[in-house]
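Engineer: Sequence and predicted structure below; questions after.
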Amino acid sequence: MSAHRADGAPGQVKEVTSLANPLIKEIRALSLKKFRDEQGAFIAEGLKLVIDALDLGWSIRTLVFAKSARGNPAVERAAARAVAAGATVLEVSEKILTAITRRDNPQAVVGVFSQRFCPLKDVRPAGGDVWVALDRVRDPGNLGTVIRTVDAVGAKGVILIGDTTDPFSLETVRATMGSIFAVPVAKASQEAFLAWRKGFSGIIAGTHLKGAVDYRSVDYGNRPMVLVMGNEQQGLTDDLATACDRLLRIPQAGRADSLNLAVATGVMLFEVRRGSLRLTDDEARP
């Protein structure tokens, strides 16, 4: 890495010891959505997440690492990559990392990256592509887990509909375990989504308490599909439910009448994936 400089200029490494430092204040402010939106930036914790983001071409603005990590080859390489990308690299105390991450045992590396959304007009599922659309998802843990699950099953991306929690909040990014960097995220008003839906020739399927069809009985085929999942408390709006080609239900055997949103989405996605794999196997047979 390059030599330390006092001004913290981009492409240089600076040692910071005070929480009052302007750069640290700016990074800490990213815990608030208002400042994330103003700056178009967000925080990702952990060396693995930072490396994943760099490997996938995300724009890094600042890399912060613990003084105790100096000399760690992997951290040094990540810092050197950040310097080469023109980012500011800060070497700080654990106290500062604790303040940035709001954790008592913070990760040794934190990155500040530019936000990235996929325009809805560029979402064009084809073949057996599957996207998940989330209606007014409110819980950061749910959203992060859905993004992680979308990544795990090989689905293509997530569309956020209406007033949703921020995909770039510290809690959501943490819950994605790095999948935020691999899964395209689009956002749209309900009206914009319904307008987009008119030009979509694939299947729109939604889960609904009034759904008459068991999700396991559907032949999902090899057509493009959007799986629409409703708000944690209220489910799908009437307009979104009406826009679905199929309304499905996940049968409940116990006293619970519904599943957690992230769990329900995972159940649905793995069933869709199982169906597509079964179709592929059938096609491969002579």
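Structural biologist: Received the coordinates, thanks.

Engineer: Could you list the low-confidence segments of the stretch 1-150 of the chain?
Structural biologist: Applying pLDDT under 70 to the stretch 1-150 of the chain flags residues 1-12.

Engineer: let's see 90
Structural biologist: Residue ranges of the stretch 1-150 of the chain with pLDDT under 90: 1-14, 70, 102-106, 127-128.

Engineer: ok, T237 touching A133?
Structural biologist: No - using C-beta atoms under 8 Å, T237 is not in contact with A133; the gap is 11.8 Å. Every residue, glycine included, has its C-beta placed from N, CA and C.

Engineer: higher neighbour count, the two?
Structural biologist: Taking other C-beta atoms under 10 Å, T237 and A133 do not tie; A133 has more neighbours (25 against 17).

Engineer: which stretch of helix or strand covers the residue nearest to that one when sequence neighbours are not counted?
Structural biologist: For A133, ignoring the flanking residues on the chain, the nearest one in space by C-beta to C-beta, 6 or more residues apart in numbering is I159 at 4.2 Å. Here I159, judged by DSSP states H and E, is contained in strand 157-161.

Engineer: what's across from L160 in the sheet?
Structural biologist: Per DSSP bridges, the residues bridged to L160 are L134, K187.

Engineer: who touches it in this structure?
Structural biologist: Contacts for L160 (C-beta atoms under 8 Å, 6 or more residues apart in numbering) come out as A133, L134, V137, L143, P167, V185, A186, K187, A188.

Engineer: run the last query once more with 10 Å
Structural biologist: By C-beta atoms under 10 Å, 6 or more residues apart in numbering, the contact set of L160 is 117, 120, 132-137, 143, 166-167, 185-188, 193.

Engineer: joint contacts of T237 and A133?
Structural biologist: With C-beta under 10 Å, 6+ apart, T237 and A133 have common neighbours I161, G230.

Engineer: coming back round to it: average pLDDT across the strand holding I159?
Structural biologist: For strand 157-161, mean pLDDT rounds to 98.

Engineer: so how many other residues sit close to K121?
Structural biologist: For K121, the count of nearby residues is 11 (other C-beta under 10 Å).

Engineer: thought it was touching G199?
Structural biologist: Yes - judged on C-beta atoms under 10 Å, K121 makes contact with G199 at a distance of 9.5 Å.

Engineer: Give the buried residues for stretch 25-32.
Structural biologist: By neighbour count on 16 or more other C-beta atoms under 10 Å, the buried set for stretch 25-32 is I27, R28, L30, S31.

Engineer: no wait, stretch 134-141
Structural biologist: Of all the residues in stretch 134-141, those buried under the rule 16+ other C-beta under 10 Å are L134, D135, R136, V137, D139, P140.

Engineer: Residue ranges of each domain in the chain, please.
Structural biologist: 13-114, 120-284 (automatic domain parsing).

Engineer: So for this structure, the centremost residue is which one?
Structural biologist: I180 (3.3 Å; C-alpha atoms, centre = their mean).
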